[in-house]
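Enquirer: structure of the sequence below:
(2 chains)
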Amino acid sequence: QSVLTQPPSVSGAPGQRVTISCTGNSSNIGAGYDVHWYQQLPGTAPRLLIYGNINRPSGVPDRFSGSKSGTSASLAITGLQAEDEAEYHCQSYDKSLSGYVVFGGGTKLTVL
Amino acid sequence: QVQLQESGPGLEKPSQTLSLTCTVSGGSITSGGYYWTWIRQHPGKGLEWLAYIYDSGTTYRNPSLRSRVSISVDTSKNHFSLNLSSVTAADTAVYYCARSRGYSWGFDSWGQGALVTVSS
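Expert: Numbering: from 1, shown residues only, chains lettered A, B, ... in the order given. Sure thing, here's the model as predicted:
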């Protein structure tokens, strides 16, 4: 299973706000390593959505925002749109075993 | 705008070595101090980091796959490669190459992915 824990699925109606959690431990998120988020549309490669916990690359709408506290991080999407239906993945770094990149298991967002 | 493109066989036999190449276009693989990375995604599953290479030769591999994974770079061809030995059906996945600015940074550029099936 994945080192970072995400809910398998979340859903919301158009216009609503949803959040996706990403839970780690003291070896990764809790150790101060940044969390990054990706959006993956069906059949496509992941796209960087949030980097360094809270930053959006150019071109990412401000409806997407990230936060981090303690051993967890969250992705919030406001004003939900049909085009937001996708898989969302979180990523961080783990200092155990000499260090390695870790991901969450992914969360499927369904827009009702 | 840098672009990454994976290439390699889509079918590999069990016990063989899976080999993939990622060609980088729109920029030199030696500039910018980037970490060039391989990531895979099993069907219907999450992402799994495999290895990265930086400084034109320094490598780091996922501890759980370290004995089977190797990564290398050919600066003359502006590409980097993945070898995964002794493959089994459990290695069937989409393999992505990607780029980041540091070992704990996000991956800002990705290839489109290459599906590799391990089957006899």
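Enquirer: would you mind listing what in chain B touches chain A?
Expert: Taking CB under 8 Å from any CB of the partner chain, the part of chain B that reaches chain A is made up of B:37, B:45-49, B:52, B:60, B:62-63, B:96, B:103-108, B:110-113. In this view, the C-beta of every residue, glycine as well, is placed from N, C-alpha and C.
Enquirer: in stretch B:84-91, what's buried?
Expert: Neighbour-count burial for stretch B:84-91 flags B:84, B:87, B:91 (criterion: 16 or more other CB atoms under 10 Å in any protein chain shown).
Enquirer: if the closest residue to the last one other than its chain neighbours is in a bridge, with which residues?
Expert: Nearest residue to B:Asp91 in three dimensions, chain neighbours excluded: B:Val118, at 5.1 Å (CB to CB, 6 or more residues apart in numbering or on different chains). With DSSP bridges applied, B:Val118 shows beta-bridge pairing to B:Glu12.
Enquirer: what do you get for B:Arg61?
Expert: Taking DSSP bridges as the rule, B:Arg61 bridges to B:Ala51.
Enquirer: which residues does A:Gly12 contact?
Expert: Counting by CB atoms under 8 Å, 6 or more residues apart in numbering or on different chains, A:Gly12 touches A:18, A:77, A:80, A:109-112.
Enquirer: as a markdown table, those with secondary structure, neighbour count and distance to chain B would be great.
Expert: Shown next, in a markdown table, are these (DSSP: H, G, I helix; E, B strand; the rest coil; neighbours: other CB atoms under 10 Å in any protein chain shown; distance: CB to the nearest CB, whole Å):
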| residue | secondary structure | neighbour count | distance to chain B |
| --- | --- | --- | --- |
| A:Val18 | strand | 19 | 19 |
| A:Ile77 | strand | 23 | 18 |
| A:Leu80 | coil | 20 | 23 |
| A:Leu109 | strand | 19 | 15 |
| A:Thr110 | strand | 12 | 15 |
| A:Val111 | strand | 18 | 20 |
| A:Leu112 | coil | 10 | 22 |
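Enquirer: quick check: the farthest pair among those residues?
Expert: A:Ile77 and A:Leu112 (13.5 Å; CB to CB).
Enquirer: just the ones of the residues of chain B next to chain A in strands?
Expert: Counting by DSSP state E, the part of the residues of chain B next to chain A found in strands is B:37, B:47-49, B:52, B:60, B:96, B:107-108, B:110.
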